[in-house]
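K.L.:
Here is my input, please return the structure:
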Amino acid sequence: METIEIKGTIRENVGKKFTKQLRKDLQVPCELYGGEKNVHFYAHENDFSSLVYTPNVYIVKLKIKRKVYKAILKDIQFHPVTDKILHIDFFQVEDDKTIEIGVPVKLNGLAPGVKQGGTLYLLRRKVLVTAVVKDLPDVLNINIDNLGLGKTIKIGDLSFENLELVAPKNTVVVEVKVSRTSVEEDAEETEEAVKTEEASDAPAEKSE
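P.N.:
Below you'll find the predicted structure:
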């Protein structure tokens, strides 16, 4: 999995007044969990753009006070009106330890069901997996070349090396639904076929 680097500054004061001032200065208060002690720090809000405003998932390399921590984004709080980042929680990880994390889904190929008039729906943009950190992929590649009209791909249909899918096996990840247009076209084709059959079965008029 790709890594993104963020430089942070230790928060010596974690009180509300100091936190409020940080936000005024466009700094984001953060906390790192998972180690021997929690680490309180802050960084400029612009430093989080590539991490937060993207469908991708990254391992985060946090550089704080001459120390480097490897982590994942665990939780994020936004302002309800302005959508500004208010607080971010990180969880410390190690290369040889197993973690649970959502990995983005990438669809490859062309579904025959779409060519037949269906609509493709990706119902799970991320899938929860457990894996050793060093084995985590950037994306989960799913081939849809055999996905026909009205068909689905479920968690139970998928398998990937060096990781385990957490969701129930009957969870639908992607499907091709029959659209109203394709149903109407099928109905019209059936109606035309019936009319043609009726016409061929009708007795021919005798010529005098």
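
K.L.:
which element is Val57 on?
P.N.:
Assigning secondary structure by DSSP states H and E places Val57 outside every helix and strand.

K.L.:
burial measure for it, as a count.
P.N.:
Neighbour count for Val57, taken as other Cβ atoms under 10 Å: 19. For every residue, glycine as well, the C-beta is placed using N, CA and C.

K.L.:
Could I get the full set of helices for this protein?
P.N.:
Counting by DSSP state H, the chain has helices at residues 16-24, 49-52, 112-115, 180-201.

K.L.:
Worst mean pLDDT among the ones you listed?
P.N.:
Note on those: lowest mean pLDDT is at helix 180-201, with a mean of 52.

K.L.:
ok, which stretches of the protein are strands?
P.N.:
For the chain, the strands defined by DSSP state E cover 3-10, 27-33, 39-44, 59-64, 67-78, 85-92, 98-108, 119-122, 126-132, 140-143, 152-154, 164-165, 172-177.

K.L.:
Contacts for the second one next, please.
P.N.:
So the one you mean is strand 27-33. If you take Cβ atoms under 8 Å, 6 or more residues apart in numbering as the criterion, strand 27-33 is touched by 8, 11, 14, 19, 22-23, 38-45, 48, 62, 64, 69, 71, 74, 85-92.

K.L.:
what's the neighbour count on the residue nearest to Arg125 when sequence neighbours are not counted?
P.N.:
Computed as Cβ to Cβ, 6 or more residues apart in numbering, the closest residue to Arg125 that is not its neighbour in sequence is Val105, at 6.0 Å. Taking other Cβ under 10 Å as the neighbour definition, Val105 ends up with a count of 20.
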